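Enquirer: let's see this in three dimensions:
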Amino acid sequence: MIADDAYNIKRDYGNGDYDTRHLFTLGATYDVPGSSRGPRFLTHGWQLSSLMNWHTGQPYDASISKLSLVGDPFKGVSHSFSAANGGTLWIDPTAFCDPTASPSCPSGPIVAGKPLGNLSRNKFHGPGYGAVDFSILKNIPIDKNERYKVQLRAEMFNLFNRVNLQSGPGSVPTGGCGGTSGNAGRCLPFNDPNYSGFGLVSDTIGDFNGAPGIGPGEAFNMQLAIKIIF
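Expert: Numbers count the residues shown, from 1 in each chain. Down below sits the predicted model:
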């Protein structure tokens, strides 16, 4: 074990707080060719636009954990959303133990006379993100030279209504175990009556970042607008 040293830089080793390993963004606009059939104001001026964004999750444990890793935190975890359970179980609590609760739990450095866990900060990443936004636009000229236009817009966000859970520092609760079970100091499992929410993601990314309802990744929503271009 490492001696008591509150300034040991090895304790802060880990991934960056906003480490996003994979990111793909695509924006596309298509001007629909006008047709010679039918009234021009109906068959011309249509435009389709889309913005697509997918990225993997960010680390969620910004500070060094007081827990130790003793198993695979993702083994047997489906990552399926359950309204009845209050969210999505992202990691298995029983894959961790508390070295202060049992001497059989492996520990890391000793700080202020107490053992820290052996789990480095930001070791695991939270939920990923994916959304497709789609817009239909109609440009209507209001002068002979088409210098001035009225644009009708129908904009749809998160078109496929994907559940985008919160990600980033603090998004996956890991503060303590809510108690321990057994002689190994294992964190309480999800089905324990004293379970405290360890590893349970219960919010969406937009609301978590302060943009509820209309923020990125929120449930499918649509807006209609009129824009004057001059």
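
Enquirer: name the residue most distant from the centre of the chain?
Expert: In the chain, Lys144 marks the outermost C-alpha relative to the chain mean, sitting 49.2 Å out by CA atoms, centre = their mean.

Enquirer: report the contact partners of that residue.
Expert: Not one residue lies near Lys144 by CB atoms under 8 Å, 6 or more residues apart in numbering. No exception for glycine: its C-beta is placed from N, CA and C like everyone else's.

Enquirer: what secondary structure does it sit in?
Expert: coil (DSSP: H, G, I helix; E, B strand; the rest coil).

Enquirer: before we move on, what about Ala131?
Expert: strand.

Enquirer: can we start the residue count at 300 from this point?
Expert: Happy to do that; since the first residue is 300 now, the last one works out to Ala430.

Enquirer: so what pLDDT did it get?
Expert: Here the pLDDT value assigned to Ala430 is 94.

Enquirer: show me where the protein has helices.
Expert: Assigned by DSSP state H, the chain shows helices spanning 339-342, 504-507.

Enquirer: so which of those helices is the most packed in?
Expert: helix 504-507 (a mean of 20; mean count of other CB atoms under 10 Å).

Enquirer: how about the CA coordinates for that helix, as PDB?
Expert: Extracted C-alpha coordinates of helix 504-507, given in PDB (Å, rounded to 0.1, in the frame of the first residue of the first chain):
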ATOM      1  CA  ILE A 504     -29.100  14.200 -20.800                       C
ATOM      2  CA  GLY A 505     -31.000  17.400 -21.600                       C
ATOM      3  CA  ASP A 506     -32.600  17.700 -18.200                       C
ATOM      4  CA  PHE A 507     -29.300  16.800 -16.500                       C
END
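
Enquirer: no further queries at this time; thank you.
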